[in-house]
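A.B. asks: Sequence below, structure please.
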Amino acid sequence: MEKNKSYNESCIEGAKKLLLESLQITKKDKIVILSTEGMVEFTKFLIKAVVNLNKKDICNIVIPEEFRPVKSVPDLLVDIAQKANGVIHITERRAEEDFTFIRPLRSICETNQCKYLYLYDAKLDYLGEGGINADYGIVNKKTIKVAELLKESSKIFVSSDYGTSLSFELYNTVVPRGPIFGKGQYINQAPEGETMSVPIEESFEGKLIVDGPVTGVGKLRELIRWEFEKGKVIKCEGNKSDLDKLFKILKSSDSNIRSLEGISIAEFALGTNDWARADENISNCEKVSGTVHFGMGHRVGGIGKERGEKYHFDSMLINNVSVKIKSKTGKLIELIISGKLML
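C.D. replies: A predicted model of the protein is given here:
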């Protein structure tokens with residue numbers, strides 16, 4: 001019983017960090033906790049933290065499962081985003097909502113300078129002893145340092161024991177996504193701690209062997225092998241059920257997709273959170289220090305070519321991945337060695 005009490009207190013502590021250190025809310029701020037029916041248990045700890053902090057101007061809106069997938073942003077939420085200082089959105093991932101609800105709501109919040117913090121498939125462990133209950137200062141520092149190194153790169157090399165062998169160049173824009181909202185920043189995801197960049201499409205060549213979770217699919221039955229030429233998939237192999245599920249998910253979001261072949265690379269990112277631990281949830285795994293993920297489909301951050309896709313998914317490399325950076329001065333830097341971030 002004492003152990004459970006201690007764990008509950010740790011979860012509340014993590015929730016407080018999310019409110020005070022990430023969102024940086026004050027007693028005057030108007031905060032909305034928007035959650036789906038399946039995330040009520042997680043939401044309870046945020047509410048307990050709010051009560052603990054004696055915060056009054058806050059409400060919780062729960063979206064019933066019967067109302068999903070949400071096809072558009074209700075006028076009520078548009079109104080809320082115009083008046084609130086922050087929205088915390090806790091939801092189970094549904095691909096159909098990405099371009100119809102999540103991204104539009106995110107955009108509305110940003111336009112109205114309302115901080116929007118979202119969590120996909122969050123577990124209590126993230127609050128209690130995982131990536132949310134982290135030292136935000138350390139995570140921020142590492143995230144920024146990785147961004148500095150990537151900005152000075154002329155070429156990136158990624159390899160793994162499973163056979164990943166990639167080389168590519170990056171666009172100039174590199175985005176450090178630490179847990180603390182920066183000045184003029186209105187969008188963030190928790191757990192946080194990753195540095196995001198975008199490969200120059202034509203430079204992206206080689207094999208990507210995925211051993212971690214994939215957006216919407218979760219834990220794989222077997223490895224997925226992607227082969228790229230000039231930034232496009234020319235070959236894809238893996239468990240048929242996994243690949244069929246991925247294609248079905250992408251099709252539910254974008255009816256124009258015809259095949260997994262021809263999909264374009266869209267993102268390269270590295271995890272920087274020493275407190276996060278790998279599981280089947282890609283939104284958590286991509287923050288784990290020493291991991292790498294690649295996004296495909298719709299471009300991120302307005303960087304790179306606009307191709308019109310209405311889907312974006314990530315594929316994780318978790319075990320024994322290595323990343324080398326060739327700097328603009330010709331120096332070769334080993335950033336990740338066998339899954340360990342060298343910072």
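
A.B. asks: where does I80 fall, helix, sheet strand or coil?
C.D. replies: The local conformation at I80, judged by DSSP: H, G, I helix; E, B strand; the rest coil, is helix.

A.B. asks: Wait, it touches G86, no?
C.D. replies: No: using CB atoms under 8 Å, I80 makes no contact with G86, being 10.5 Å away. (Glycine included, C-beta is placed from N, CA and C.)

A.B. asks: what is in contact with these two at once?
C.D. replies: Jointly contacting I80 and G86 under the rule CB atoms under 8 Å, 6 or more residues apart in numbering are V32.

A.B. asks: ok, the residue positioned nearest the centre of the chain to G130 distance?
C.D. replies: What sits nearest the mean C-alpha location of the chain, by CA atoms, centre = their mean, is S283, with 4.6 Å. Distance, S283 to G130, by CB to CB, to the nearest Å: 12 Å.

A.B. asks: between those two, what contacts are shared?
C.D. replies: P191.

A.B. asks: Can I take it that T143 is in a helix?
C.D. replies: Yes: applying three-state DSSP, one finds T143 inside a helix.

A.B. asks: quick one: it and V175 touch, right?
C.D. replies: No: contact criterion CB under 8 Å: T143 and V175 do not qualify, at 9.4 Å.

A.B. asks: More neighbours: which of those two?
C.D. replies: Set T143 next to V175 and count neighbours by other CB atoms under 10 Å: T143 wins out with 26 against 16.

A.B. asks: Can you name the residues that contact that one?
C.D. replies: Taking CB under 8 Å, 6+ apart as the test, what T143 contacts is P176, R177, G178, G193, E194, T195, T272.

A.B. asks: and after the helix or strand encompassing K248, which helix or strand comes next?
C.D. replies: Secondary structure assignment for K248, by DSSP states H and E: helix 240-253. Next in sequence after helix 240-253, counting helices and strands by DSSP H and E, comes strand 265-271.

A.B. asks: distance between that following strand and the chain's centre?
C.D. replies: 10 Å (CA atoms, centre = their mean, to the nearest Å).

A.B. asks: Could you measure from V292 over to A122?
C.D. replies: Distance from V292 to A122, by CB to CB: 22 Å.

A.B. asks: swap that for H293, sorry
C.D. replies: 18 Å.

A.B. asks: go on, M296?
C.D. replies: M296 is 24 Å from A122, by CB to CB.

A.B. asks: Next, the buried residues of the helix holding K248.
C.D. replies: Neighbour-count burial for helix 240-253, counted by 16 or more other CB atoms under 10 Å, picks out D242, L243, K245, L246, I249, L250, S252, S253.

A.B. asks: And stretch 37-49, by the same measure?
C.D. replies: Buried residues in stretch 37-49, counted by 16+ other CB under 10 Å: M39, F42, T43, K44, F45, L46, I47, K48, A49.

A.B. asks: before we move on, back to that, show the contacting residues for the residue nearest to the centre of the chain.
C.D. replies: R93, L119, Y120, D121, Q189, P191.

A.B. asks: Most neighbours among the residues you listed, please name it.
C.D. replies: Neighbour counts for those, by other CB under 10 Å, peak at P191, which reaches 32 neighbours.

A.B. asks: Quick one: classify the closest residue to that one other than its chain neighbours as helix, strand or coil.
C.D. replies: The shortest distance from P191 to any non-neighbouring residue, by CB to CB, 6 or more residues apart in numbering, is to G131 (2.8 Å). Of the three states, G131 takes coil under three-state DSSP.

A.B. asks: Burial check on G131, number of neighbours?
C.D. replies: Neighbours of G131 using other CB under 10 Å come to 28.

A.B. asks: Could you list the low-pLDDT ranges of the stretch 51-200 of the chain?
C.D. replies: For the stretch 51-200 of the chain, applying pLDDT under 70 flags no range at all.

A.B. asks: can you give me the helices in it?
C.D. replies: Using DSSP state H, counting those that start in this stretch, the helices of the stretch 51-200 of the chain run over 75-83, 103-111, 124-128, 136-151.

A.B. asks: Switch the buried residues of helix 240-253 over to CSV; also include pLDDT and distance to K324.
C.D. replies: Listed next are the buried residues of helix 240-253 as CSV, based on pLDDT from 0 to 100; distance: CB to CB, whole Å:
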residue, pLDDT, distance to K324
D242, 97, 29
L243, 98, 30
K245, 97, 33
L246, 97, 29
I249, 95, 33
L250, 96, 31
S252, 93, 37
S253, 91, 34
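
A.B. asks: Of those residues, which is the nearest to A278?
C.D. replies: D242 (17.9 Å; CB to CB).

A.B. asks: tilt between the helix or strand H293 falls within and helix 240-253?
C.D. replies: Element membership for H293 (DSSP H and E) is strand 292-297. Here strand 292-297 points in a direction 50 degrees away from that of helix 240-253 (axes from the mean of the first three to the mean of the last three CA atoms, to 10 degrees).
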